[in-house]
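Asks: Need coordinates for the following:
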Amino acid sequence: MFLLMPEERSSGHPTEELSKPWIDVIRQAKEMFARHGVATSLNPWTTTYHAGRGRRLHPGQDFRLMVGETGADNEMSPCPLCENWQQYLNEYFVFLTREIEPVARVWF
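Replies: Numbering: from 1, shown residues only. Predicted coordinates for the structure are as follows:
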């Protein structure tokens, strides 16, 4: 399982452009591991970013942000009901799936 842009390597909600170097390396590793019978899966690390930690939305990420009990937002965490964020997340996950073709497991 590969983590994409985890914590200290993250600049915020990833874009396709920011993801390309990660994808290139994962593809190389996927080929190497496949020769030994090891499948590749992904962990996109986070979806809403529960804490901004100084990060901001990238240009074009027009997400309605969650607001805390004091009325302040953290400039990073989208409301899960935000349609722009839902569309972004869906498109980003489809992009990752197309580019890397990870194995998916469903456990019952």
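Asks: And the helices in the protein?
Replies: For the chain, helices defined by DSSP state H occupy the ranges 16-34, 83-100.
Asks: now the angle from the longest one to helix 83-100?
Replies: By that I understand helix 16-34. Interaxial angle of helix 16-34 relative to helix 83-100 (axes from the mean of the first three to the mean of the last three C-alpha atoms, to 10 degrees): 40 degrees.
Asks: Let me know which of the helices of the chain is the nearest to residue 7.
Replies: helix 16-34 (14.1 Å; C-beta to C-beta). The way it works is simple: take the backbone N, C-alpha and C, and place the C-beta from them, glycine included.
Asks: Could you check how far that closest one is from the centre of its chain?
Replies: Distance of helix 16-34 from the chain centroid (C-alpha atoms, centre = their mean, to the nearest Å) equals 14 Å.
Asks: Could I get the contacting residues of the residue nearest the centre of the chain?
Replies: Among the residues of the chain, the one closest to the centroid is residue 44, at 4.1 Å (C-alpha atoms, centre = their mean). Neighbour list for residue 44: 4, 14, 92-93, 96 [criterion: C-beta atoms under 8 Å, 6 or more residues apart in numbering].
Asks: Name the nearest of these relative to residue 25.
Replies: For the contacts of residue 44, the nearest to residue 25 is residue 4 (10.5 Å; C-beta to C-beta).
Asks: So which of the helices of the chain is nearest residue 61?
Replies: helix 83-100 (6.7 Å).
Asks: so what does that closest one touch, helix or strand wise?
Replies: helix 16-34 (3 or more C-beta pairs under 8 Å, 6 or more residues apart in numbering; DSSP states H and E).
Asks: who touches the helix it packs on?
Replies: Taking C-beta under 8 Å, 6+ apart as the rule, helix 16-34 contacts 2, 4-5, 11, 39-40, 42, 58, 92, 95-96, 99-100.
Asks: quick one: residue 101 and residue 53, what's the gap?
Replies: According to C-beta to C-beta, to the nearest Å, residue 101 and residue 53 sit 31 Å apart.
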